[in-house]
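> Got a sequence here, can you model it:
(one chain, ligands or ions: 2)
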Amino acid sequence: MNSDMQMKNDAGRQRKVFIKTYGCQMNVYDSQRMADALGERNFVPVDSPESADLVILNTCHIREKAAEKVFSEVGRLRKLKNSREKDGQGLYIAVAGCVAQAEGAEIVRRAPVVDMVFGPQTYHRLPDMIDQADGQRAKGQMVQVLETDFPAEDKFDYLPRNRSSKGPAAFLTVQEGCDKFCTFCVVPYTRGAEVSRPVAAIIEEAERLVAGGVCEITLLGQNVNAYHGLSENGETASLAKLVQRLSMIGGLKRVRYVTSHPRDMSDDLIAVHGELDVLMPYLHLPVQSGSDRILQVMNRQHTAETYLSVIERMRQARPDIALSGDFIVGFPGETDEDFEDTMSLVRAVGYAQAYSFKYSPRPGTPASVLKDQVDEDVKTKRLAALQALLNEQQMAFNRTSVGKRMQVLMERPGRVSGQLVGRSPYNQAVHVDFAAHDSAEKLDENGAHSYSDYMGRLLDVEIISAGPNSLQGRPVL
Ligand code: 5AD
Ligand code: SF4
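Ligands and ions are numbered 1, 2, ... in the order given. Okay, here's the model as predicted:
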């Protein structure tokens, strides 16, 4: 068969793609958009590599052993590819995401079994990359596609419209990249400089999502509150303005945003938390450390005090705000005293939820070459102490919900029949038991024939008990 015919065959046939996603919510969103882009070449998503013609590993580089994990996953896929080839069939293995961006050349060198390597800013070029791979394969050449440039064009102008989002809660990327250069972080290198999407493009995507049944949107950005997109009247819109604009979309009931930087918590953003019902009372505001000395070496551009003053102003605007944060223990040079400052800050804030990590030196970042790297066992001890405190706070916060009524967005079936799982305004998982409360007649009165009809809807729920990671409630019908 000549190469043109082979290409036509590949292009015409329905093929299957399996995407494995690591890391943050932006990667989840990106994976959906990759699936959308591949639809243009007749790919449909499947949920296991065994039946796929293309496997994409959408990788994360933020913490330890990222590249090693990718190489061992590739090792497993190599066996699948070999057995396929014995049967006369092919399998493309692709590595995408931040590890691809940071270590593309190394992946090509160390793992020639990988056919395609491409970074986060190139996903709109996926259909062309597939053509390129098909062309190489048809000619009997080794398939090798490497795209790790930061293209001049904006990928969002070229990606097909968001089609792969499922369920009542969706992600929407509004800003990407970061100019802050915290000394421990790879994001400015893997995701590039800060770029905001124009308001009109975001509104169009949000309206489309809402028309498809979405009622909660989480706006995504590595530095989301630094958003400064072109508005419909030609001026620059802040995140506060964007949220105001989104709140005018009928049918959109809830808006959240992640992840924010303390320096960019502007007065107008704090104020809209007190003004707009669509904005959920939840804020993820990483602080990383409570020690000013460490914060300075981290190049965080804020102090413990300025962070606490943001929290105070936020609580004035929205007293019931649930706070979440990110912490790093064992940053180079962190003493017991510095760590105690972190513990004191946590006590002063009272978090509803949080993420905490041991510092991991990321190649190419300034902190990775600092002297005074902290011993592993010290990091382990500090992390355990911090997590014990954070877990205590989370449990205490969850307990305050017991006896309250709150609106829960029903997102998925529970593990047992008669149960749905949703999210509270404060981002807690809530297990709602319909069967146990004999509410069948009430269901009927509400025009619902089965509890599963409540899926995708906002429902009043009375919280009856709390665990460390979730709440239990009964529907108020
Ligand atoms: N080591 C440990 N944690 C890190 N994070 C980012 N870079 C590192 C690193 N080198 C954490 C930060 C950030 C979160 C997304 O990941 O807390 O806010
Ligand atoms: Fe990384 Fe966040 Fe710092 Fe940007 S602000 S460099 S994404 S930790």
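> quick one: contacts for residue 298?
182, 183, 184, 288, 289, 328, 331, 367 (CB atoms under 8 Å, 6 or more residues apart in numbering). For the C-beta atoms, the positions are set from N, CA and C on the backbone; glycine is no exception.
> just curious, which of the residues you listed is nearest to ligand 2?
For these, the residue nearest ligand 2 by CB to the nearest ligand atom is residue 182; the value is 3.1 Å.
> Tell me where the stretch 201-350 of the chain is predicted with low confidence.
By pLDDT under 70, the stretch 201-350 of the chain contains no weakly predicted segment.
> What of the stretch 351-477 of the chain?
Looking at the stretch 351-477 of the chain by pLDDT under 70, you get 436-449.
> Just want the residue of it that's nearest ligand 2.
Closest point on the stretch 351-477 of the chain to ligand 2, by CB to the nearest ligand atom, is residue 365, at 9.0 Å.
> what does the stretch 351-477 of the chain put close to ligand 1?
357, 359, 360, 362 (CB under 6 Å from any ligand atom).
> Can you give me every residue that contacts residue 155?
Contacts of residue 155 (CB under 8 Å, 6+ apart): 121, 122, 123, 124.
> again, 7 Å this time
Applying CB atoms under 7 Å, 6 or more residues apart in numbering to residue 155 gives the contacts 121, 123, 124.
> what's the answer for residue 472, then?
431, 433, 464, 465.
> from these, which ones fall inside strands?
Using DSSP state E, 431, 433, 464, 465 are the members of those that sit in strands.
> Quick check: which element contains residue 94?
For residue 94, the host element (DSSP states H and E) is strand 92-96.
> how about the spatially closest residue to residue 185 that is not a sequence neighbour, phi and psi?
Once flanking residues are discounted, residue 185 sits nearest to residue 365: 6.5 Å by CB to CB, 6 or more residues apart in numbering. Main-chain dihedrals, residue 365, degrees, to the nearest 10: phi -100, psi 150.
> right, and residue 365 touches residue 186 too?
Yes: if you go by CB atoms under 7 Å, residue 365 and residue 186 touch, sitting 6.1 Å apart.
> which of those two has more neighbours?
Neighbours per residue (other CB atoms under 10 Å) separate residue 365 from residue 186, with residue 186 holding more: 23 against 18.
> List the residues that contact the closest residue to that one other than its chain neighbours.
Excluding its sequence neighbours, the residue lying closest to residue 186 (CB to CB, 6+ apart) is residue 362, at 4.7 Å. Listed by CB under 7 Å, 6+ apart, the contact set of residue 362 reads 184, 186, 368.
> Next, residue 362: secondary structure please.
When states are read from DSSP: H, G, I helix; E, B strand; the rest coil, the local structure at residue 362 comes out as coil.
> One more: residue 398?
Residue 398 is classified as helix under three-state DSSP.
> Check the spacing between it and residue 388 real quick.
16 Å (CB to CB, to the nearest Å).
> out of those two, which sits in the busier spot?
Of the pair residue 398 and residue 388, residue 398 is the one with more neighbours under other CB under 10 Å, namely 22 against 10.
> Ignoring the adjacent residues along the chain, who's closest to the more buried one?
residue 466 (3.9 Å).
> so how many other residues sit close to the one you found?
Around residue 466 there are 22 residues (other CB under 10 Å).
> need the contact list for it.
398, 399, 401, 402.
> Identify, from those, the entry nearest to ligand 1.
Looking across these and measuring by CB to the nearest ligand atom, the closest to ligand 1 is residue 398, at 22.6 Å.
> And the closest one, how far from residue 472?
Relative to residue 472, and taking CB to CB, residue 398 is found at 10 Å.
> helix/strand/coil for residue 146?
strand.
> Identify the residue nearest it in space, chain neighbours excluded?
The nearest residue in space to residue 146 (CB to CB, 6+ apart) is residue 117, at 5.0 Å.
> Next up, phi/psi of the one you found, please.
phi -130, psi 120.
> quick one: it and residue 143 touch, right?
No: Residue 117 is beyond contact range of residue 143, at 11.2 Å (criterion: CB under 7 Å).
> Give me the more crowded residue out of those two.
The neighbour comparison of residue 117 against residue 143 (other CB under 10 Å) goes to residue 117, with 26 against 18.
> Specify the beta-bridge partners of the more buried one.
Per DSSP bridges, the residues bridged to residue 117 are residue 95, residue 146.
> tell me the contacts of it?
95, 100, 104, 107, 108, 146, 148.
> from this structure, which residue is nearest to ligand 1?
Counting by CB to the nearest ligand atom, the chain gets nearest ligand 1 through residue 326, at 3.4 Å.
> What's opposite that residue in the beta bridge?
Residues in beta-bridge contact with residue 326 (DSSP bridges): residue 355.
> Quick one: neighbours of it, just the number.
The tally of other residues near residue 326 (other CB under 10 Å) stands at 14.
> ok, it touching residue 289?
No: Residue 326 is beyond contact range of residue 289, at 10.2 Å (criterion: CB under 7 Å).
> quick one: residue 305 is in a helix?
Yes: under three-state DSSP, residue 305 sits within a helix.
> Find the nearest non-adjacent residue to it, please.
Closest to residue 305 by CB to CB, 6+ apart is residue 292, at 7.9 Å.
> so that neighbour makes contact with residue 303?
Yes: the pair residue 292 / residue 303 is scored as a contact, 4.8 Å apart, by CB under 7 Å.
> quick one, phi psi at residue 340?
The phi/psi pair for residue 340 (degrees, to the nearest 10) is phi -60, psi -40.
> what's around it, how many residues?
14.
> Going forward, the N-terminal residue is numbered 43.
Sure, I'll start numbering at 43, so the last one becomes residue 382.
> Look up how far residue 369 lies from it.
Residue 382 sits 13 Å away from residue 369, taking CB to CB as the criterion.
> Looking at the contacts of residue 159, which one is closest to residue 247?
residue 142 (24.9 Å; CB to CB).
> So for stretch 351-370, what gets flagged as buried?
352, 353, 356, 360, 363, 364, 365, 366, 367, 369, 370 (16 or more other CB atoms under 10 Å).
> now stretch 99-118
In stretch 99-118, counting by 16+ other CB under 10 Å, buried: 99, 100, 101, 102, 103, 104, 108, 109, 112, 113, 115, 116.
> Same question for stretch 179-194.
179, 180, 185, 187, 188, 189, 190.
> And for stretch 453-472?
453, 456, 460-470, 472.
> quick one on the thing from earlier: need the contacts of residue 404 in TSV with secondary structure, can you?
Shown next, in TSV, are the contacts of residue 404 (three-state DSSP):
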residue	secondary structure
226	coil
228	coil
410	helix
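> In JSON lines, list the residues you listed along with distance to ligand 2.
Shown next, in JSON lines, are the contacts of residue 404 (distance: CB to the nearest ligand atom, whole Å):
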{"residue": "226", "distance to ligand 2": "7"}
{"residue": "228", "distance to ligand 2": "8"}
{"residue": "410", "distance to ligand 2": "14"}
